[in-house]
Structures are given as structure tokens and as C-alpha cells.
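Chemist: Sequence and predicted model, in that order:
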There are 2 protein chains.
Amino acid sequence: MNLSPRTIERLSKYRRMLEKYRRSDGAYIFSHQLAHLLDLTPVQVRRDLMLIGLSGNHRKGYNISELIKLIGQTIDAKEGHNIAIIGMGNLGRAVTRFIRKNKSKMNIVAGFDIDAAKVNEEVDGVPCYHISTIRSYIKELSIDIGVLTTSPEAAQNITNLLIDSGVRGLLNFTSVHLDVPPNVYLKDYDIMTSLEEIGFFILNPNDNKQD
Amino acid sequence: MNLSPRTIERLSKYRRMLEKYRRSDGAYIFSHQLAHLLDLTPVQVRRDLMLIGLSGNHRKGYNISELIKLIGQTIDAKEGHNIAIIGMGNLGRAVTRFIRKNKSKMNIVAGFDIDAAKVNEEVDGVPCYHISTIRSYIKELSIDIGVLTTSPEAAQNITNLLIDSGVRGLLNFTSVHLDVPPNVYLKDYDIMTSLEEIGFFILNPNDNKQD
């Protein structure tokens, strides 16, 4: 299977929407309904579902439970992923609580901080360890994803340490450009840049919205 | 000028990198240096800078101060943007502090919450008002960007209220798919979907990384 980041993104959104939809509506859904709920085209939805193995006749629509299960088989790791939050300041604690609130296969197993006052405190059941112990905990706890909410100054050094210890995925909230090797999957949440982008297109609504 | 979201994103990142670079290095920078710092190609950098009016001979490199100024003239609003954070829970307070720490033309002027206990408390100097007063404050304070950190259940209703009141840009942290009219610029920070995307590509590193 050859799935692009945008396809994975849509599959993840289909599943979340289907879980919501299942509670209120029927057992089946048509591609045009799912498309409508997410502002996509029915063709796009059908193409994505074909990519994960759903083809053939769906005159009654797709069985929602089967669809949720199939998306899970495609995008989830069997035992889920173990995540660490690095930087347990305001943002790190908020993100920890946010992820814990969402039922998913993403398990936050540890937080790390340089501040001794934060170490040994729990945030929503997640223990916080000192940053100096990060290497051994990453191995012991099989952590493969790191969420970076450190200071900008610490971001690259911590990233190097995480990668050296075996982390292969990063969600970066620091607004710092990180150098990572090609075998590491990095996603940036650059709040300041996103606000500048939003600000620009409010004032220039007719500019090209395509890339 | 016809600038795409990705171009604006890069211009914003050039500026941040140049501000950092200026403190430690010279007054001039070559396109290949800037490209290297951000993992881009020199051709890409030169194309972006030509788009904002910098062409001709740059044998000595680009004057950094001039470049920062020119990027500002292109992407900043003269008086900046006024921002409201809607939902002053953990995430809302963390994002408020994060934006306040970054010097920029993005002014957080108000927070809103449904919880009476949060109203009239300040977060890093930003007052919190009750959600029922949002319409009048948005007009009075000329708020044009909303950062959404509410509960998923409240997200769409609050979005409608914001748009009715004149907000034209949204940064959405709620992981809810929002319906907005075409004249509103929406940017989604969907943490659960991003973690699922990262998780998938850790396990399937050879899948197509292009869209």
C-alpha cells in the first residue's frame, strides 16, 4: 500500500467522523454523505476507501463499523504508540491532558522536564521525569513518538537526544526549524507562522490559495 | 502579488531565521545559506524573494535588515492583528502565554470562556470575558482572528458566532471539522490526526511521502 500523508490524514478524519456519526445515525453511510460531512468530493472519499481495500458494490452504502475497523487495521499500530511529552510547562501539560481525553491508540507514557520542581509530579496520571534520564526511559518504555514543547533554545539538542535514543516521530510545537535525518517523521505546529499565514490571507483573500 | 499559503509560510520562517541569524552573524546572507538553514533549495529561496520584489544582483548576498523589513511589508498588517482565544482552559492559557512570549504583530486582546470562575481572571495580562459577551467585544476590540481551544461540542456553534461577529481567520485546535464560508481562512491543528499520521509513517517509512 502506498499512502500519502494527506490520505492518512483523511482516513484519520473519516474514522473520527464515523465514530461521531454512528452514535446518532444509521449503520450505513454513503460516500457522498461522508464527503459532505468533511467538505470533500465523493470521488475523493471513494478513492481513499479503495486504497485501503474497499471496492465493489456499495449500493446500500458502507457499513460504518466495518469501515472504522478497516481504517484502524490500516493506520493503527497493533499495540499503539508510546509517546513522551518533552517540556512539561503550560503547553506540555495542556497537550498531555488533551491527548489523554481522546480515546486512541496513542499512549502518553512519560513527560520530561529540566525543572526539578516538575519532576515526580503527575499530570493526569502521566509521570514527569528529569530530562537527564530520558535516554534510559525511552528504551525502557519503548517510546517512539516525542511531542516537543520545550523552550526554543533547547529544541534541537533535545531532538538529537530523542533520535539517538530511538524516537522516530516528532510533533514539534516549538516554532524552531529542526534538523532531522530522513528516517525520522517530523510534523511542525508552528503557531506564529500559522497566525501570520492566517493574517495575510484575511487581508489578501484573492491571493492564490493553491500551492 | 499572488502568494500561496506555502510561500507565506516560508516567508514567515525566513524572517524568524534571519532574526536569529542576525544576532550571531554578519549583515548579509546568501540564498544558499538561508536555504541550508531551513532545508530548502537555493532556487526556492530566490524564487520566493523575487516574488516579494527582490531581484537583480546579490553578489554580496542579501542585506539581512532589508530582507526582514521587506518580508514584514509583505506579510504583516500595518497595525497587526487582534486575536481572541476562545476557551481559556489549559490549552487556551498555554497558547496565550506562548503567543505573548513571541514578539510579533499578533496581539492577543481577549480570552473568552463559558466558565464563570475563569471570567475576570487575567492570563499573562490578557483579560477573560464571558462567552455571552463575545459579539460586542469582537466589534469593540476589532478582533479579526480567533484561536479555538473550546470543547469539541462547542466548536461549531462558537465558530458561527465568531464569523457572524466579523472574525475572518481561525486557528482550530479542537480536532473538530468546522464548516466555514469561503471568505474565512481556517487552519486546523488536529493533534490526534497528526499523531496518527506520524505513527503510520514510523511503521511505513517507505510509503509515498508526496501528495
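Modeler: Perfect, I can see it now.
Chemist: Spatially central residue in chain A, please.
Modeler: residue A:171 (7.6 Å; C-alpha atoms, centre = their mean).
Chemist: Next, it: secondary structure please.
Modeler: Per DSSP: H, G, I helix; E, B strand; the rest coil, the secondary structure class of residue A:171 is strand.
Chemist: for the record, mean pLDDT for the longest strand belonging to chain A?
Modeler: Determined from DSSP state E, the single longest strand within chain A is strand A:106-113. Summarised as a single mean, pLDDT over strand A:106-113 is 96.
Chemist: Show residues contacting the helix or strand just after it.
Modeler: Sequence-wise, the next helix or strand downstream of strand A:106-113 (DSSP states H and E) is strand A:122-123. Strand A:122-123 is contacted by residues A:88, A:92, A:93, A:96, A:97, A:111, A:128 when judged by C-beta atoms under 8 Å, 6 or more residues apart in numbering or on different chains. The C-beta positions use only the backbone N, C-alpha and C, and glycine is treated the same way.
Chemist: what lines up beside the helix or strand following strand A:122-123 in the sheet?
Modeler: Using DSSP H and E, the helix or strand that follows strand A:122-123 in sequence is strand A:126-130. Strand A:126-130 has its sheet partners listed here by DSSP bridges as strand A:106-113 (parallel), strand A:122-123 (antiparallel).
Chemist: For the first one, what is the distance to the chain centroid?
Modeler: It refers to strand A:106-113. 14 Å (C-alpha atoms, centre = their mean, to the nearest Å).
Chemist: ok, now stretch A:77-94?
Modeler: That offset, for stretch A:77-94, works out to 11 Å (C-alpha atoms, centre = their mean).
Chemist: Report whether it contacts chain B.
Modeler: Yes: using C-beta under 8 Å from any C-beta of the partner chain, stretch A:77-94 reaches chain B at A:77, A:81, A:83, A:89, A:90, A:91, A:93, A:94.
Chemist: Also stretch A:183-196?
Modeler: Yes: using C-beta under 8 Å from any C-beta, stretch A:183-196 reaches chain B at A:183, A:185, A:187, A:189, A:190, A:191, A:192, A:193, A:194, A:195, A:196.
Chemist: Drop anything exposed from the residues you listed.
Modeler: A:185, A:187, A:189, A:190, A:191, A:192, A:193, A:194, A:195, A:196 (16 or more other C-beta atoms under 10 Å in any protein chain shown).
Chemist: Now tabulate the residues you listed in JSON lines and tack on pLDDT and secondary structure.
Modeler: Shown next, in JSON lines, are those (pLDDT from 0 to 100; DSSP: H, G, I helix; E, B strand; the rest coil):
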{"residue": "A:185", "pLDDT": "96", "secondary structure": "strand"}
{"residue": "A:187", "pLDDT": "96", "secondary structure": "strand"}
{"residue": "A:189", "pLDDT": "96", "secondary structure": "coil"}
{"residue": "A:190", "pLDDT": "95", "secondary structure": "coil"}
{"residue": "A:191", "pLDDT": "96", "secondary structure": "helix"}
{"residue": "A:192", "pLDDT": "94", "secondary structure": "helix"}
{"residue": "A:193", "pLDDT": "94", "secondary structure": "helix"}
{"residue": "A:194", "pLDDT": "96", "secondary structure": "helix"}
{"residue": "A:195", "pLDDT": "96", "secondary structure": "helix"}
{"residue": "A:196", "pLDDT": "95", "secondary structure": "helix"}
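Chemist: Poorly predicted segments of chain A, please.
Modeler: Scanning chain A for pLDDT under 70 picks out A:1, A:25, A:56, A:207-211.
Chemist: what about the longest helix along it, distance to the chain center?
Modeler: Criterion DSSP state H: the longest helix present in chain A is helix A:5-24. Centre-to-centre, helix A:5-24 and its host chain are 13 Å apart (C-alpha atoms, centre = their mean).
Chemist: got the buried residues for that helix?
Modeler: Going by 16+ other C-beta under 10 Å, helix A:5-24 has these buried residues: A:5, A:7-18, A:21.
Chemist: and these as CSV, adding distance to residue A:33?
Modeler: Output for those, formatted as CSV (distance: C-beta to C-beta, whole Å):
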residue, distance to residue A:33
A:5, 25
A:7, 20
A:8, 22
A:9, 20
A:10, 15
A:11, 17
A:12, 18
A:13, 14
A:14, 11
A:15, 15
A:16, 15
A:17, 10
A:18, 10
A:21, 8
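Chemist: most remote residue from chain A's center?
Modeler: Chain A, C-alpha atoms, centre = their mean, max distance from centroid: residue A:59 (33.0 Å).
Chemist: so what's the backbone phi/psi at that one?
Modeler: Dihedral pair for residue A:59: phi -60, psi -30, per degrees, to the nearest 10.
Chemist: quick one: it and residue A:28, what's the gap?
Modeler: According to C-beta to C-beta, to the nearest Å, residue A:59 and residue A:28 sit 10 Å apart.
Chemist: on that earlier part again, give me the subset of the residues of stretch A:77-94 next to chain B lying in strands.
Modeler: Checking these against DSSP E, those in strands are A:81, A:83.
Chemist: Distance check, the residue nearest to residue A:130 when sequence neighbours are not counted against chain B.
Modeler: The shortest distance from residue A:130 to any non-neighbouring residue, by C-beta to C-beta, 6 or more residues apart in numbering or on different chains, is to residue A:119 (4.7 Å). Residue A:119 is 19 Å from chain B, where distance means C-beta to the nearest C-beta, to the nearest Å.
Chemist: same question, residue A:71
Modeler: From residue A:71 to chain B the distance is 10 Å (C-beta to the nearest C-beta).
Chemist: Tell me which helix or strand that residue sits in.
Modeler: Secondary structure assignment for residue A:71, by DSSP H and E: helix A:64-75.
Chemist: Give me the buried positions along that helix.
Modeler: A:64, A:67, A:68, A:70, A:71, A:74, A:75.
Chemist: Please apply the same query to stretch A:79-86.
Modeler: Result for stretch A:79-86 [16+ other C-beta under 10 Å]: buried residues A:81, A:82, A:83, A:84, A:85, A:86.
Chemist: and the closest residue to the residue nearest to the centre of chain A other than its chain neighbours, bridged to which residues?
Modeler: Leaving aside its sequence neighbours, residue A:171 sits nearest to residue A:147 (C-beta to C-beta, 6+ apart; 4.7 Å). The bridge-partner assignment for residue A:147, based on DSSP bridges, gives residue A:85, residue A:171.
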